[in-house]
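A.B. asks: Sequence below, structure please.
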Amino acid sequence: MTPLVVPGVPVSEGRHSMVLEQPLTAPRAGVMVHYDDSSRDDWAVACFSDPRCRNGYTWLVLDDGAVVELADPAKRTPHAGPCLTPNANSAYYGIAAATNGLVPATAAQLGAIVTCVVAVARFHQWPAAQVEQRIVGHDAQAIWTPRYTRVSALWGKTGRKVDPTGRRPDHQPIIDVAQIRDRVRAEIS
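C.D. replies: The predicted structure is shown next:
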């Protein structure tokens, strides 16, 4: 089957993995922003080619802004886990910068993420007025469940993930979702 092509997404390499792709269980509602917690681009790409890998995104953005399509955009990937939004792996495309919780995404990565999200918004005809709800960070959606903690008071609450914000001592976000939203809104207005 021919993968879905989202016009305007600047894919430099396609590495679709059948391990990561499954049919959608909900309509697309937006894009979830992540970092993949890697420290080198080549290791990040290799990780997603490893059959033991159980995580995935639709797109991985390398330091130089190159976009690697890891999965068919018409399919869901295991990038979100339990979230406030039901079926988040289907509801949101997953896009990740190849970096970790200490190293901010490069200007090239941020530019490529914006380009991809703008292309997705145009493809789905999402208006600028919906940017806030359509672009989310993993940390703002990922919730605790009994599988992740025995502390029942946390179940259903966010805090299970820190990406894309990260936990730098200086509080500089790895990826500032508000800035991504502003840039996308400006481009699709």
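A.B. asks: ok, which stretches of this protein are strands?
C.D. replies: Here the chain has its strands, by DSSP state E, at 11-14, 30-35, 59-61, 67-69, 92-97, 135-137.
A.B. asks: got JSON lines for those, with mean neighbour count too?
C.D. replies: Backbone N, C-alpha and C define where each C-beta goes, glycine included. Putting the strands of the chain into JSON lines (neighbours: other C-beta atoms under 10 Å) gives the following:
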{"stretch": "strand 11-14", "mean neighbour count": "13"}
{"stretch": "strand 30-35", "mean neighbour count": "26"}
{"stretch": "strand 59-61", "mean neighbour count": "29"}
{"stretch": "strand 67-69", "mean neighbour count": "21"}
{"stretch": "strand 92-97", "mean neighbour count": "28"}
{"stretch": "strand 135-137", "mean neighbour count": "24"}
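A.B. asks: Could you tell me how many residues sit around residue 129?
C.D. replies: By other C-beta atoms under 10 Å, 11 other residues sit near residue 129.
A.B. asks: what's the nearest residue to residue 147 if we skip its chain neighbours?
C.D. replies: Leaving aside its chain neighbours, residue 147 sits nearest to residue 82 (7.6 Å; criterion: C-beta to C-beta, 6 or more residues apart in numbering).
A.B. asks: Residue 3 versus that neighbour, what's the distance?
C.D. replies: 27 Å (C-beta to C-beta, to the nearest Å).
A.B. asks: Residue 13 touches residue 61, doesn't it?
C.D. replies: No. Counting by C-beta atoms under 8 Å, residue 13 does not reach residue 61; the two are 11.5 Å apart.
A.B. asks: any common contacting residues for these two?
C.D. replies: Residues touching both residue 13 and residue 61 (C-beta atoms under 8 Å, 6 or more residues apart in numbering): 67, 68.
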